[in-house]
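1. I'll drop the sequence and a predicted model, then ask my questions.
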Amino acid sequence: MNLNDEINKRKTFAIISHPDAGKTTMTEKLLLFGQQIRSAGTVKGKKSGKFATSDWMEIEKQRGISVTSSVMNFSYQGYYVNILDTPGHEDFSEDTYRTLTAVDSVIMIIDATKGIEAQTIKLFKVCKMRGIPIFTFINKLDREGRDPFELLEQIEEVLEIETYPMNWPAGMGKRFLGIFDRYQEQFVRFKGNEEEELIPYDTLDHEQYHDLTKQATYQETEEELALLDEAGDPFSMERVLKGEQTPVFFGSALAPFGVETFFKTFVEMAPNPKPRKTTDALIQPEHEAFSGYIFKIQANMNPAHRDRIAFLRVCSGRFERGMTVKLTRNEKTIKLNQTQQFVASARETVEVAYPGDIIGIYDPGYYRIGDTLTDGKELIQYDELPQFPPDLFKRVTAKNVMKAKQFKKGLEQLVQEGAIQLFTGHPYESLILGAVGELQYQVFEHRMKHEYNVEVSLESIGERIPRWLDEETVDVNLFDDRNMLVKDREGQFLVLFKNQFALNWFADKHKEVRLIDLFDVN
Ligand code: GDP
């Protein structure tokens with residue numbers, strides 16, 4: 001098969017959601033379609049009890065690497081699907097954001113009973129700033145949820161994206177009859193545990209329900225549909241691909257209901273691997289020479305196994321196991337024979353990979369996040385990954401002052417690796433760490449102890465809202481503990497605002513100071 005055919009088959013995406021919205025349940029159903037697992041409930045072994053953060057190290061120890069992140073892939077309807085897991089629970093970290101740089105589209109799951117929740121907003125913003133197409137699945141229709149119109153309105157308002165309902169529910173919870181599939185022009189009838197029944201629009205019998213309540217629900221839905229057709233925005237594939245419109249599907253991952261029709265439409269619509277920017281060109285996936293970049297490095301928490309896995313997204317050409325590659329940063333030549341790909345929870349060795357695929361490479365400490373690998377014929381460097389704004393900050397010191405040297409070395413290396421971000425207090429030069437999830441601190445502490453033999457003290461300065469300043473010099477008198485002034489690694493000033501109120505107050509009082517939100521500029 002030639003390169004073009006392989007590229008055209010590839011669909012690489014992530015599922016984002018707030019904890020408990022149904023990401024795991026949905027992933028399991030998709031894997032069932034791909035026949036990667038025999039029964040639901042095997043992804044992450046989560047159904048046997050969710051693991052809390054404290055269990056996490058234990059789990060990492062038992063399994064070696066990678067409970068928190070994996071790549072699953074399978075063939076479906078002639079496509080080759082890569083699902084990148086974005087940890088969404090206590091193990092939320094900057095890696096979650098970086099993973100989103102390696103996908104071509106995203107499925108956003110929203111719990112119909114809750115609407116949009118905090119974590120969805122964060123992840124959504126990253127997609128938005130990178131122009132990633134977003135497909136929305138509104139889950140848990142089998143329960144009494146919020147009004148569908150209200151849900152759409154919330155998505156449009158909070159996330160600032162146009163919505164287009166691909167299907168529309170007839171009732172919810174106990175009154176749930178099924179969904180009108182506007183795209184395929186069919187009614188998908190919900191029959192409890194039985195298989196879904198598909199009825200084409202033109203053969204729909206309006207009198208199908210004898211029950212009066214059901215009849216009423218059905219008629220109500222028909223009116224809503226007419227309203228949508230008249231007043232809703234028209235569907236635009238072009239806008240979907242630009243990330244300006246999101247196709248919305250209603251269903252239930254658990255039932256499961258509407259999942260298969262959703263996924264079939266999704267794989268057809270979702271974009272194939274897109275070209276990627278280098279420092280001076282745009283590399284098409286069809287480009288013959290192999291290239292890719294590393295978007296995440298996963299360290300093994302088990303002290304007995306220091307190996308790490310670097311996750312690489314193939315951007316062009318064909319990858320073959322055992323091939324020799326060149327690392328652009330230092331022009332080092334490396335033979336890649338230990339390549340692993342993750343399928344559900346079992347590790348497999350990858351023989352070949354194509355653009356859109358993600359491969360895990362054994363890392364003896366060679367790689368950094370953002371590194372470009374090529375087949376060595378040409379030296380290119382993919383664009384740096386953006387710096388994502390952290391929101392949890394802690395002061396860090398070594399417990400034992402005699403260990404200053406190891407402390408500095410460990411800190412430098414872990415920061416460089418992208419495990420955590422480092423800031424210096426201004427003007428007092430205290431060291432401040434920034435992360436997007438508590439887990440990053442646990443991993444940091446653990447690795448400092450086991451890899452660099454240093455115990456660290458972390459003093460929380462709480463959740464903060466960071467805003468960068470574009471000035472070289474600032475009036476330090478404007479800031480105090482409430483609005484803390486710090487510098488990032490590039491020497492750029494930023495302010496850590498205590499809360500939204502403090503931020504608004506400051507912005508109002510000092511209109512001359514331009515405050516930059518990294519989510520808006522990357
Ligand atoms: P995650 O945290 O996003 O991965 O969410 P899970 O997939 O673990 O789901 C959280 C809870 O919601 C579990 O108890 C699921 O059984 C339940 N759940 C998921 N999908 C549905 C659904 O469609 N309907 C109902 N009633 N419950 C669901």
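-> Arrived safely.
2. Which parts of the helix or strand encompassing residue 503 count as buried, going by neighbours?
-> Using DSSP states H and E, residue 503 sits in helix 500-509. For helix 500-509, a neighbour-count test (16 or more other C-beta atoms under 10 Å) marks 502, 503, 506 as buried. In this view, the C-beta of every residue, glycine as well, is placed from N, C-alpha and C.
3. Among the residues you listed, which one sits closest to residue 125?
-> Proximity of the buried residues of helix 500-509 to residue 125 (C-beta to C-beta) peaks at residue 503, which lies at 16.3 Å.
4. Now do the same contact list for that closest one.
-> Residues counted as contacts of residue 503 (C-beta atoms under 8 Å, 6 or more residues apart in numbering) are 465, 467, 497, 515.
5. Any chance of a markdown table for those residues, columns neighbour count and pLDDT?
-> Converted to a markdown table, those look like this (neighbours: other C-beta atoms under 10 Å; pLDDT from 0 to 100):
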| residue | neighbour count | pLDDT |
| --- | --- | --- |
| 465 | 17 | 94 |
| 467 | 21 | 95 |
| 497 | 22 | 96 |
| 515 | 17 | 90 |
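6. Just give me the closest of the residues you listed to the ligand.
-> residue 465 (25.9 Å; C-beta to the nearest ligand atom).
7. Inside strands: which ones of the contacts of residue 503?
-> 465, 467, 497, 515 (DSSP state E).
8. Turn the residues you listed into CSV, columns for distance to residue 406.
-> Formatted as CSV, those follow (distance: C-beta to C-beta, whole Å):
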residue, distance to residue 406
465, 33
467, 34
497, 34
515, 37
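9. Okay, and residue 219 sits in which element?
-> Here residue 219 sits within helix 212-231, counting by DSSP H and E.
10. mind listing what's buried in that helix?
-> 217, 218, 221, 224, 225, 228.
11. Could you point out the helix or strand that follows the helix or strand where residue 136 lies?
-> Element membership for residue 136, per DSSP H and E: strand 134-139. Using DSSP H and E, the helix or strand that follows strand 134-139 in sequence is helix 148-159.
12. What is the burial count for residue 127?
-> 23 (other C-beta atoms under 10 Å).
13. which SS class is it?
-> helix (DSSP: H, G, I helix; E, B strand; the rest coil).
14. Okay, it and residue 412: tell me how far apart.
-> 32 Å (C-beta to C-beta, to the nearest Å).
15. Quick check: neighbours of the strand or helix carrying residue 163 in the sheet, parallel or antiparallel?
-> In this structure, residue 163 sits in strand 162-165 according to DSSP H and E. Using DSSP bridges, the strands paired with strand 162-165 are strand 245-250 (parallel).
16. for the helix or strand that the strand it pairs with is followed by, packing partners?
-> Heading C-terminal from strand 245-250, the first helix or strand you meet, by DSSP H and E, is helix 259-269. With contacts taken as 3 or more C-beta pairs under 8 Å, 6 or more residues apart in numbering; DSSP states H and E, helix 259-269 sits against helix 23-33, strand 134-139, strand 245-250.
17. Single out the most deeply packed of these.
-> Stretch with highest mean neighbour count among the helices and strands packed on helix 259-269: strand 134-139 (a mean of 26; mean count of other C-beta atoms under 10 Å).
18. Next, find the distance separating the residue of the stretch 101-250 of the chain found nearest the ligand from residue 112.
-> Closest approach between the stretch 101-250 of the chain and the ligand, counting by C-beta to the nearest ligand atom: residue 140, at 3.9 Å. Counting by C-beta to C-beta, the gap from residue 140 to residue 112 is 5 Å.
19. same question, residue 180
-> From residue 180 over to residue 112 (counting by C-beta to C-beta), the distance is 16 Å.
20. Residue 144 now?
-> Relative to residue 112, residue 144 is positioned 9 Å away (C-beta to C-beta).
21. And for residue 243?
-> 23 Å.
22. if you count what's nearby, which of the two comes out ahead?
-> Taking other C-beta under 10 Å, residue 243 and residue 112 do not tie; residue 112 has more neighbours (26 against 18).
23. The closest residue to the more buried one other than its chain neighbours: neighbour count?
-> Leaving out its chain neighbours, the residue that sits closest to residue 112 by C-beta to C-beta, 6 or more residues apart in numbering is residue 145, at 3.1 Å. For residue 145, the neighbour count with other C-beta under 10 Å is 23.
24. repeat for residue 458
-> Residue 458 has 13 nearby residues by other C-beta under 10 Å.
25. Please, which helix or strand holds it?
-> Per DSSP H and E: strand 456-463 holds residue 458.
26. Residue 113 now?
-> Residue 113 belongs to no helix or strand when elements are defined using DSSP H and E.
27. Neighbours of it, how many?
-> 15.
28. How about residue 254?
-> 18.
29. Quick check: pLDDT value at it.
-> On the pLDDT scale, residue 254 is placed at 92.
30. correct me, but it touches residue 111?
-> No: with contact defined as C-beta atoms under 8 Å, residue 254 does not reach residue 111; the gap is 11.4 Å.
31. Does the closest residue to residue 479 other than its chain neighbours fall in a helix, a strand, or a coil region?
-> Closest residue in space to residue 479, ignoring its immediate chain neighbours: residue 485 at 4.0 Å, by C-beta to C-beta, 6+ apart. Following three-state DSSP, residue 485 is assigned to strand.
32. what's across from residue 485 in the sheet?
-> Counting by DSSP bridges, the residues bridging with residue 485 are residue 495.
33. Count the neighbours of it for me.
-> 19.
34. what about it, distance to the ligand?
-> Separation of residue 485 from the ligand (C-beta to the nearest ligand atom, to the nearest Å) stands at 38 Å.
35. So which residues on the stretch 301-450 of the chain come close to the ligand?
-> Residues of the stretch 301-450 of the chain that fall close to the ligand, judged by C-beta under 6 Å from any ligand atom: none.
36. now the end-to-end length of stretch 198-211.
-> With C-alpha to C-alpha, to the nearest Å as the measure, stretch 198-211 spans 20 Å from end to end.
37. Stretch 398-406 now?
-> Note: stretch 398-406 ends 9 Å apart using C-alpha to C-alpha.
38. Buried ones in that stretch, by neighbour count?
-> So for stretch 398-406, counting by 16+ other C-beta under 10 Å, buried means 398, 403, 406.
39. Same check on stretch 453-465?
-> Here stretch 453-465 shows 454, 456, 461, 464, 465 as buried, counting by 16+ other C-beta under 10 Å.
40. quick one on the thing from earlier: burial of the residue of the stretch 101-250 of the chain closest to the ligand, as a residue count?
-> Residue 140, neighbours per other C-beta under 10 Å, totals 25.
41. same check, this time on residue 193
-> 5.
42. where does residue 450 land in three-state SS?
-> helix.
43. Tell me, how many residues neighbour it?
-> Other residues within reach of residue 450, judged by other C-beta under 10 Å, total 14.
44. Let me know the pLDDT of residue 385.
-> Confidence score, pLDDT, at residue 385: 86.
45. and it, what does it touch?
-> 98, 101, 295, 369, 370.
46. Ok, residue 105 next?
-> Going by C-beta under 8 Å, 6+ apart, the list of residues near residue 105 reads 11, 12, 13, 132, 133, 134, 135, 270, 271.
47. among those residues, who's most crowded?
-> Greatest neighbour count in the contacts of residue 105, by other C-beta under 10 Å, goes to residue 12: 26 neighbours.
48. Could you verify that it is part of a strand?
-> Yes: the assignment for residue 12 is a strand, going by three-state DSSP.
49. isn't there a strand covering residue 238?
-> No: using three-state DSSP, the assignment for residue 238 is helix, not a strand.
50. Counting neighbours, what do you get for it?
-> 8.
51. was I right about residue 373 contacting residue 295?
-> No: if you go by C-beta under 8 Å, residue 373 and residue 295 don't touch, sitting 11.9 Å apart.
52. what residues are shared contacts of those two?
-> With C-beta under 8 Å, 6+ apart, residue 373 and residue 295 have common neighbours residue 312.
53. Counting neighbours, what do you get for the residue of the stretch 401-522 of the chain found nearest the ligand?
-> In the stretch 401-522 of the chain, no residue comes nearer to the ligand than residue 437, which is 14.8 Å away by C-beta to the nearest ligand atom. When counting by other C-beta under 10 Å, one arrives at 23 neighbours for residue 437.
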